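S.K.: The sequence and its predicted three-dimensional model are supplied below.
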Amino acid sequence: MKGEARASLKLDTSHGNVGRDTGPIGKEPRKSKSSVKNRQAPPKRNKRKGRLSALPTLPLDVLYEIFAHLGPGDLLHLARTTKAFRSLLLTRRSLSLWKEVLDVSAANGDPVKPDDMSEIAWTALIFGKPWCTMCGGRTSNPVLWALQMRPCTACVLKHLYSDANRGLVSFGAPLTHVLHYPSPSLKTKRWQYAYRKTDYNGYRLKLQDLHARFPDEAKFEEQRGLLNQDLRRALDARGEWARACHARERAKEKDRSNEMESIRAQRLEDIKSRLRLQGFEDRDLDSLSFRHEPNVRASKPLTDSSWAKIAPGVTSCAECVRDHRLQRESLQRRKDREDVVGCAYLEFLKKIQSTTISFMPSLSVILGLPRISNAIRKDTPASNHLQRIVGDALALSWSDIVQRINKQALQLRYKVPDGWVRRSCTLRATPTLSVESTLRSLDLVSHVWTCGGCTEPHILYGLDALAHTSLLSGGELNSHISPSSRAHLAIMQLLALLGLDPEETTVGDMRRIANSKLFICPKCDHNRERPMLCHSWTSAVSHAGRSPHDGPFLGPAEFTLVKLDPLQERSALQRAWGCCHCTFHLKLATTRSEQHLQTAGPWPQLVELKQHLEQSHGIQEGVEGIDYFFNRQNPRAIEEKGIPVPTKDIVEAVELLEGTATEQNVV
């Protein structure tokens, strides 16, 4: 009967028989069970007892006395080890223990526990890194003090509302006056307002209760204001507490950082004391690369056993630092000796003829001369004795310098085309330390060259090509130097227009005669309403090289000579002018780090040099080539596009010129 009664309680839930009693049903078939004989007992394992296995067996008063000497974080980690410790430490009997250790922790600078949090929850919040206080997952996010949580990224979205949430608009007034808590956004890394969902839902329930109790809108708003005041006071108190927690946390982190730094400093001093016994110096051990070595930078006290482990690596690092220092010192001594050569070379340049400086090699070439190289080869500090030795070596190397210039001049002479004027000349090492006079045959203005190796095209006249090559480290002439046939044709036509002999006119003669002349190209379109372009003789040659006109360039009658006041050239702004009467232009020596300053320090501009001529030599109107010269190692800047001159001035000048030419029978 009992079986039937139990069976009658079961209902048939099939379609059409719901709630109908179907009567008793038969007994269920007995399930077969494995025989006891065939069942094998699981193997017994000997449980390994740990070091703390005896602690739970101790009396509680003894355990609490032991645990009282631990910190809150240690108790928390201990409670997470075994079930025995968890059941012992997470009971109400151990509440006094948690309060005691938290009071000691607060006295040591940790944040004070708020009244609305339990001791264990507060300990998990402060010392429970790196675990989320909501789900227990691992996280690297900081503690949000105002929200009293350390949430992971998933829990931020699960348990918090942001201020931009559209669901909060239904409350009417903004909640930031009663519920907001400042917290950093984990996505944008900026501070924003956030709400706990529990606070939000609680506030909503309280408002619903007020609506039910006070149907009148005025009464409701009054009671809501009182509620908001209470929440605001709680919010202010929590904000003040959160700021205090922030300050305590920063102070504790700073103290911890100072403690770690003091440990590192003591470790460094201990390592240095051991390495000093091996012969290392403090200037190597105080270097930044050695102090940042991982074994040296570690924040652990140095013991004899730890030193035995790290000694080989630390010693090897110290040896590398010492070797690098010795190498740097050797390089610095080498640079100092090269600077001595630069000073001696400056004094040597003052003894040679001023116009010869343009063909002298650079400091890098001088350093490669055999006598100079042997004088500074020994790794010794710079001294006055070394400067005298280098000066004597430079005087003895004058023949080598002349031989180098002669070799380049011979190569330049071989490049002169057959149709050009050619003269033979041999360069000799004269006692007057001058080379320009013996190379006069190569300084004809009709020898026009171009350098294809320069970033900007330059037209070089005469020995400008040789001076342009003198700064190269090798002894060969620059392979990019080539004759310019179109520029040669233009300069020949200009010489014919000026009535000058191509076989005798040098570059200096051409500058003295033609620098005060301006030329006009009649093939260019000249509009009387616009200024006309006039060219200096160098600009005229450049214009002929790029002129788009068909037919011959610059025939004898195609450029008209115009006598106008000459305009200042662009080369006057170049720092490449020297005095023929003294060594005013050689003020500073060239050092190894100032290779761009050519054979000496910065030269003066033309205005500065003319002031020097007037003040020091009483020369008011100096003449180029006689009173001052241009350092031909620098490509001379010209006005390639010509000089705009009013057309009426050009017409008057041409008419005046034609009348004068008719009277004097001058072409």
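M.R.: Done, it's in.
S.K.: Would you mark the buried spots in stretch 339-358?
M.R.: 339-346, 348-349, 352, 354-358 (16 or more other C-beta atoms under 10 Å). Just so you know, the C-beta spots here come from the backbone N, C-alpha and C atoms, and that holds for glycine as well.
S.K.: ok, of the residues you listed, which one's closest to residue 304?
M.R.: Nearest to residue 304 among the buried residues of stretch 339-358, counting by C-beta to C-beta, is residue 339 at 49.8 Å.
S.K.: Tell me the one of the buried residues of stretch 339-358 nearest residue 274?
M.R.: Out of these, the member with the shortest distance to residue 274 (by C-beta to C-beta) is residue 339, at 39.9 Å.
S.K.: tell me which element that closest one falls in.
M.R.: helix 304-349 (DSSP states H and E).
S.K.: hang on, residue 284 packs against residue 278?
M.R.: No. Contact criterion C-beta atoms under 8 Å: residue 284 and residue 278 do not qualify, at 11.2 Å.
S.K.: Can you pick out the residue with more neighbours from these two?
M.R.: Counted by other C-beta atoms under 10 Å, residue 284 and residue 278 do not tie: residue 284 has more neighbours, with 21 against 10.
S.K.: Sticking with that one, tell me its helix or strand.
M.R.: helix 282-285.
S.K.: Point out where the stretch 151-300 of the chain drops to low pLDDT.
M.R.: 163-178, 180-192 (pLDDT under 70).
S.K.: rewinding a little: for the helix or strand just after the helix holding residue 339, enumerate the helices and strands it packs against.
M.R.: Once helix 304-349 ends, the next helix or strand along the chain (criterion: DSSP H and E) is helix 363-367. On a contact count with 3 or more C-beta pairs under 8 Å, 6 or more residues apart in numbering; DSSP states H and E, helix 363-367 meets helix 304-349.
S.K.: quick one: the helix it packs on to chain centroid distance?
M.R.: 25 Å (C-alpha atoms, centre = their mean, to the nearest Å).
S.K.: pLDDT of that helix, averaged?
M.R.: The pLDDT scores in helix 304-349 average 92.
S.K.: which helices and strands sit right next to the helix holding residue 339?
M.R.: For helix 304-349, the packing partners by 3+ C-beta pairs under 8 Å, 6+ apart are helix 217-276, helix 282-285, helix 288-291, helix 294-297, helix 363-367, helix 384-396.
S.K.: Export those to JSON lines and append columns for distance to residue 625.
M.R.: Formatted as JSON lines, the helices and strands packed on helix 304-349 follow (distance: least, C-beta to C-beta, whole Å):
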{"stretch": "helix 217-276", "distance to residue 625": "67"}
{"stretch": "helix 282-285", "distance to residue 625": "56"}
{"stretch": "helix 288-291", "distance to residue 625": "57"}
{"stretch": "helix 294-297", "distance to residue 625": "68"}
{"stretch": "helix 363-367", "distance to residue 625": "26"}
{"stretch": "helix 384-396", "distance to residue 625": "27"}
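S.K.: Mind checking the ones you listed for the one nearest to residue 503?
M.R.: Per C-beta to C-beta, nearest to residue 503 of the helices and strands packed on helix 304-349: helix 363-367, 33.0 Å.
S.K.: what comes up buried for the closest one?
M.R.: 363, 365, 366, 367.
S.K.: Please enumerate the helices of the stretch 451-600 of the chain.
M.R.: For the stretch 451-600 of the chain, helices defined by DSSP state H, counting those that start in this stretch occupy the ranges 464-469, 485-498, 507-514, 537-546.
S.K.: Let me have those helices in JSON lines, extended by distance to residue 116, mean neighbour count and mean pLDDT.
M.R.: Below are the helices of the stretch 451-600 of the chain laid out as JSON lines (distance: least, C-beta to C-beta, whole Å; neighbours: other C-beta atoms under 10 Å; pLDDT from 0 to 100):
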{"stretch": "helix 464-469", "distance to residue 116": "87", "mean neighbour count": "25", "mean pLDDT": "84"}
{"stretch": "helix 485-498", "distance to residue 116": "95", "mean neighbour count": "20", "mean pLDDT": "86"}
{"stretch": "helix 507-514", "distance to residue 116": "96", "mean neighbour count": "19", "mean pLDDT": "84"}
{"stretch": "helix 537-546", "distance to residue 116": "89", "mean neighbour count": "22", "mean pLDDT": "80"}
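S.K.: remind me which residues of the stretch 451-600 of the chain are low pLDDT?
M.R.: 470-478, 522, 525-532, 547-569, 588-600.
S.K.: where do the strands sit along it?
M.R.: 459-461, 481-483, 518-520, 532-534, 560-562, 577-579 (DSSP state E, counting those that start in this stretch).
S.K.: and for the first one, what are the contacting residues?
M.R.: Yep, that's strand 459-461 we're talking about. 445, 447-451, 468, 481, 484, 487, 491, 507, 510, 538, 541-542, 545, 635 (C-beta atoms under 8 Å, 6 or more residues apart in numbering).
S.K.: Provide the strand pairings for it, with the direction of each partner.
M.R.: Strand pairing for strand 459-461, using DSSP bridges, gives strand 448-451 (antiparallel).
S.K.: The strand it pairs with: how far from the chain's middle?
M.R.: On C-alpha atoms, centre = their mean, the centre of strand 448-451 falls 41 Å from that of its chain.
S.K.: Ok, stretch 492-506 next?
M.R.: Worked out by C-alpha atoms, centre = their mean, stretch 492-506 lies 56 Å from the chain centre.
S.K.: Just the CA atoms of that stretch, as CSV, please.
M.R.: Extracted C-alpha coordinates of stretch 492-506, given in CSV (Å, rounded to 0.1, in the frame of the first residue of the first chain):
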residue,chain,number,x,y,z
MET,A,492,86.1,84.0,-75.2
GLN,A,493,83.4,86.2,-76.6
LEU,A,494,83.4,88.4,-73.6
LEU,A,495,87.2,88.8,-73.8
ALA,A,496,86.8,89.8,-77.4
LEU,A,497,84.2,92.3,-76.5
LEU,A,498,86.5,93.8,-73.9
GLY,A,499,89.5,93.7,-76.1
LEU,A,500,91.5,91.4,-73.8
ASP,A,501,94.1,88.7,-74.9
PRO,A,502,92.9,85.2,-73.9
GLU,A,503,96.6,84.0,-73.6
GLU,A,504,97.5,86.7,-71.0
THR,A,505,94.3,87.5,-69.1
THR,A,506,94.2,85.7,-65.8
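S.K.: How many neighbouring residues does the residue nearest to residue 124 when sequence neighbours are not counted have?
M.R.: Nearest non-adjacent residue to residue 124, counting by C-beta to C-beta, 6 or more residues apart in numbering: residue 133, 5.8 Å away. Residues near residue 133, counting by other C-beta under 10 Å, number 18.
S.K.: still on that earlier bit, hmm, who's touching the helix holding residue 284?
M.R.: Contacts for helix 282-285 (C-beta under 8 Å, 6+ apart): 271, 272, 275, 276, 290, 318, 321, 322, 325.
S.K.: Only the buried residues of it, if you could.
M.R.: 284, 285.
S.K.: between the helix holding residue 339 and helix 217-276, how many degrees?
M.R.: Per axes from the mean of the first three to the mean of the last three C-alpha atoms, to 10 degrees, the angle that helix 304-349 makes with helix 217-276 is 80 degrees.
S.K.: and helix 304-349 with helix 384-396, angle?
M.R.: 40 degrees.
S.K.: helix/strand/coil for the closest residue to residue 64 other than its chain neighbours?
M.R.: By the measure of C-beta to C-beta, 6+ apart, the closest residue to residue 64 outside its immediate chain neighbours is residue 97, 5.5 Å from it. At residue 97 the chain is in helix, as set by DSSP: H, G, I helix; E, B strand; the rest coil.
S.K.: what's near enough to touch the residue nearest to residue 124?
M.R.: Contacts of residue 133 (C-beta under 8 Å, 6+ apart): 121, 124, 125, 149, 150, 151.
S.K.: From residue 113, how far out is the first one?
M.R.: When distances are taken as C-beta to C-beta, to the nearest Å, residue 121 and residue 113 turn out to be 9 Å apart.
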